[in-house]
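Novice: give the three-dimensional model of this entry:
(2 chains)
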Amino acid sequence: MPYLLVVGAVVLLVLILAGGCGGGGRPPMPPNACCYEPAGVPVNTAYVCPKCGQRTLYPTGGDVSNVDAATCSAGMALQVGLPACRQIASGIRGFVVELDESEFCRNCSPNVKKPQLIAVVRGPGDAQPRRVKGIGQTDLRRLQEYLRDREKALAGMKRDSLGKPDPDQMNKLRGLLGREP
Amino acid sequence: MSDRVTSRLAPSFLPTTAVLEMTYRCNHACLFCSCPWFASGNGFDVREELAPHEWQAIIRKLCEMGVNNFAFTGGEPLLKEGLEEIVEFAAACETEFIETQDGALVSRRGPPNLYLLSNGKALRQEILELCRKHRMNLSLSLPGLATFSEHTAGGDPRNVLRWFRAAHAQGVTTTVGVTVTRKNIHELYETIAEALLAGADTLLMNRFLPGGRGIRYARELELNVAEIGQMLDTAEKVLRTANRYGSVGTELPKCIVDASRYERLKVGTRCSAALDFFVIDPSGYVRACNHSPVRLNHFREIEQVKLHPYWKRFTQKDYLPRSCAPCSLAGQCDGGCREAAHIVGGQPDSPDPVLMPKA
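Specialist: Sure thing, here's the model as predicted:
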């Protein structure tokens, strides 16, 4: 393949000499894969409601660690946190955990100012499911871990200077379990 | 500060990018082509094409529905009668852009962004002028140099390179589109480099994925995991040398690629079909992705698309393969291309073809 060898050598040399021939700065890059370039850089984050199919837009950026009252307006929390919550919820064994995302949809919940994720939880023997508001990845992970290994989950909780578990974390876990941990 | 908008309904349920397949016709016969109408036995029939005035009506409606970007493709879009009038019409429309500024959403109005994707064979100076006039990005396909003719069934890469040079000289921004196959990966470095030297501004690289005519040639063209790594490394190397940037169009499973290794090449692991873009085929039917052989509703019934079960599988990402469910990366990955998985495996939640056991 002499043609290719010659072309390759010439091309490499010219590219190095040209130093990029005016490449400039980084152009907008697609966040997700798209066979077509115009996917572009994300200018907002869209939440698509599974019930009504409408799109609610949120600003991009923000804390990706959780989806709760403090971070719900952050687009990245929706983009990263919500899929993670869905994945964790679907993997919980021993309890049935469904997520009510309706507050994130401005069509379904037009008056909600600070949307929160709601866990709808039903344990063995529960007559009715419980609705626990303001749930995030860490809460769901803790429930999952508790149902696997109670002692390990409790030992891993944040504690105050007196060694008592963080009251917010305990309240969430209590709500999800429907009883004292 | 109370006026800061931190959430709002979008103008419609549609993503902001519409891929408009102008025509079924093409003047190449690429081995790797994924257009579903070139496959046999998938039930995707060629129907009557929309007339230019029908495309204009659709574009007007899409602008009202908040679509910001139009990509004109095909088939080969330059074979569509009235394409120039359609582009002129789109450029004269106005749409709403909703963007983030300082943590809040702001709205502005303006003409949509336009993109033209062509193989270059029927390109004319008038089209370049149209691109320049409307700041329409021109993407030209270059699937190899020595292998170009074999891949395209008779094309000439010198024609594509010539148009890159002409576009560059006239201030038209361009993208080189490279579909990488087992037949052309050995000359990938030279292919990308030649295009950049000819003036292409950015790279859009796709690995070959079975679909359309390509199904027939899948065994000969499909890359394995090691070759995909080689493809990414090669592209990164050229882009670094040339001080340019590029992206990989088709999403990859996160378990086979360390995207953080690439500075110049954006490697995606999430599917954006029905979320960031959607397709309208030459007869006016909506599809979730250009790879997809599944026609949803006709544009006349556009409002019904949002609750179509197939559309919802993509908007809700209800397509992760069972084998991926326990994976700790699942929250950041869709397990590769869901439409190629559908085509090869029969369901959107089948494994990506690269992860399927080979006979």
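Novice: so what's the nearest residue to A:Glu98 once chain neighbours are set aside bridging to?
Specialist: Of all residues not flanking A:Glu98 in the chain, A:Val120 sits nearest, at 4.5 Å (C-beta to C-beta, 6 or more residues apart in numbering or on different chains). Placement of C-beta: from N, CA and C, glycine included. Beta-bridge partners recorded for A:Val120 (DSSP bridges): A:Glu98, A:Arg131.
Novice: just the pLDDT at A:Val120, thanks.
Specialist: With respect to pLDDT, A:Val120 scores 97.
Novice: and A:Met76, by the same measure?
Specialist: At A:Met76, pLDDT is 48.
Novice: next, the closest residue to B:Ala91 other than its chain neighbours: phi, psi?
Specialist: Spatial nearest neighbour of B:Ala91, chain neighbours left out: B:His134 (4.1 Å); criterion: C-beta to C-beta, 6+ apart. Dihedral pair for B:His134: phi -110, psi 20, per degrees, to the nearest 10.
Novice: state the distance from B:His134 to B:Val305.
Specialist: 28 Å (C-beta to C-beta, to the nearest Å).
Novice: out of the two, which sits in the busier spot?
Specialist: Between B:His134 and B:Val305, B:Val305 has the larger neighbour count (other C-beta atoms under 10 Å in any protein chain shown), namely 23 against 18.
Novice: state the distance from that one to B:Asp45.
Specialist: 20 Å.
Novice: A:Gln137 now?
Specialist: Relative to B:Asp45, and taking C-beta to C-beta, A:Gln137 is found at 46 Å.
Novice: lowest-pLDDT helix or strand in chain A?
Specialist: Taking mean pLDDT, DSSP states H and E as the measure, chain A has helix A:75-76 as its least confident helix or strand, at a mean of 50.
Novice: next structured bit after it?
Specialist: Downstream of helix A:75-76, the next assigned helix or strand under DSSP states H and E is helix A:82-91.
Novice: for the stretch 151-300 of chain B, what lies in contact range of chain A?
Specialist: For the stretch 151-300 of chain B, the residues in contact with chain A (C-beta under 8 Å from any C-beta of the partner chain) are B:175, B:186-187, B:189-190, B:193-194, B:196-197, B:201-202, B:204, B:206, B:238, B:241-245, B:247-252, B:266, B:268-272, B:275-277, B:289-291.
Novice: can you name the residues in contact with stretch B:75-85?
Specialist: Outside stretch B:75-85, the residues that touch it by C-beta atoms under 8 Å, 6 or more residues apart in numbering or on different chains are B:21-28, B:35, B:49, B:51-52, B:55-56, B:72, B:74, B:86, B:116-119, B:121-124, B:126-127, B:130, B:282.
Novice: need the strands for the chain, in chain order.
Specialist: You didn't say which chain, so I picked chain A. Assigned by DSSP state E, the strands in chain A fall at A:45-48, A:55-58, A:96-100, A:118-122, A:130-133.
Novice: let me rephrase: I mean chain B.
Specialist: B:8-9, B:17-21, B:69-73, B:95-101, B:104-110, B:113-118, B:137-141, B:174-180, B:202-207, B:245-248, B:265-267, B:277-280, B:286-287.
Novice: including mean pLDDT, could those go into TSV?
Specialist: Converted to TSV, these look like this (pLDDT from 0 to 100):
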stretch	mean pLDDT
strand B:8-9	96
strand B:17-21	96
strand B:69-73	96
strand B:95-101	94
strand B:104-110	95
strand B:113-118	96
strand B:137-141	96
strand B:174-180	96
strand B:202-207	95
strand B:245-248	94
strand B:265-267	93
strand B:277-280	96
strand B:286-287	98
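Novice: would you turn these into JSON lines with mean neighbour count?
Specialist: Listed next are these as JSON lines, based on neighbours: other C-beta atoms under 10 Å in any protein chain shown:
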{"stretch": "strand B:8-9", "mean neighbour count": "15"}
{"stretch": "strand B:17-21", "mean neighbour count": "25"}
{"stretch": "strand B:69-73", "mean neighbour count": "24"}
{"stretch": "strand B:95-101", "mean neighbour count": "18"}
{"stretch": "strand B:104-110", "mean neighbour count": "13"}
{"stretch": "strand B:113-118", "mean neighbour count": "22"}
{"stretch": "strand B:137-141", "mean neighbour count": "24"}
{"stretch": "strand B:174-180", "mean neighbour count": "25"}
{"stretch": "strand B:202-207", "mean neighbour count": "24"}
{"stretch": "strand B:245-248", "mean neighbour count": "26"}
{"stretch": "strand B:265-267", "mean neighbour count": "23"}
{"stretch": "strand B:277-280", "mean neighbour count": "25"}
{"stretch": "strand B:286-287", "mean neighbour count": "24"}
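Novice: looking at these, which is closest to B:Val344?
Specialist: strand B:202-207 (13.7 Å; C-beta to C-beta).
Novice: quick one: contacts for B:Leu142?
Specialist: B:Phe148, B:Pro157, B:Val160, B:Leu161, B:Val176, B:Gly177, B:Val178, B:Thr191, B:Glu194, B:Ala195.
Novice: from these, pick the one nearest chain A.
Specialist: Nearest to chain A out of the contacts of B:Leu142 is B:Glu194 (C-beta to the nearest C-beta; 6.1 Å).
Novice: pretty sure that closest one sits against B:Leu161.
Specialist: Yes - with contact defined as C-beta atoms under 8 Å, B:Glu194 and B:Leu161 form a contacting pair (6.1 Å).
Novice: ok, those two, which is more surrounded?
Specialist: Between B:Glu194 and B:Leu161, B:Glu194 has the larger neighbour count (other C-beta under 10 Å), namely 25 against 21.
Novice: ok, and what's touching stretch B:285-305?
Specialist: So stretch B:285-305 is contacted by A:35-36, B:13-14, B:19, B:21, B:34-36, B:39, B:42-44, B:58, B:61, B:65, B:73, B:209, B:211, B:271, B:273-274, B:277-281, B:283-284, B:308, B:310-311, B:314, B:337-340, B:342-343 (C-beta under 8 Å, 6+ apart).
Novice: helices along chain B, start to end?
Specialist: B:52-64, B:83-92, B:125-133, B:148-152, B:157-169, B:188-197, B:218-221, B:225-242, B:302-305, B:309-315, B:338-345 (DSSP state H).
Novice: ok, is the third one in contact with chain A or not?
Specialist: No - using C-beta under 8 Å from any C-beta as the criterion, no contacts between helix B:125-133 and chain A are found, and the smallest distance is 13.9 Å.
Novice: list of residues touching that helix?
Specialist: B:78, B:84, B:87-88, B:91, B:116, B:136-138, B:163, B:166-167, B:170-172.
Novice: starting at the chain centroid, how far to it?
Specialist: 22 Å (C-alpha atoms, centre = their mean, to the nearest Å).
Novice: and it, what's buried?
Specialist: B:Ile127, B:Leu128, B:Leu130, B:Cys131 (16 or more other C-beta atoms under 10 Å in any protein chain shown).
Novice: over to the last one?
Specialist: Neighbour-count burial for helix B:338-345, counted by 16+ other C-beta under 10 Å, picks out B:Arg338, B:Glu339, B:Ala340, B:Ala341, B:His342, B:Ile343, B:Val344.
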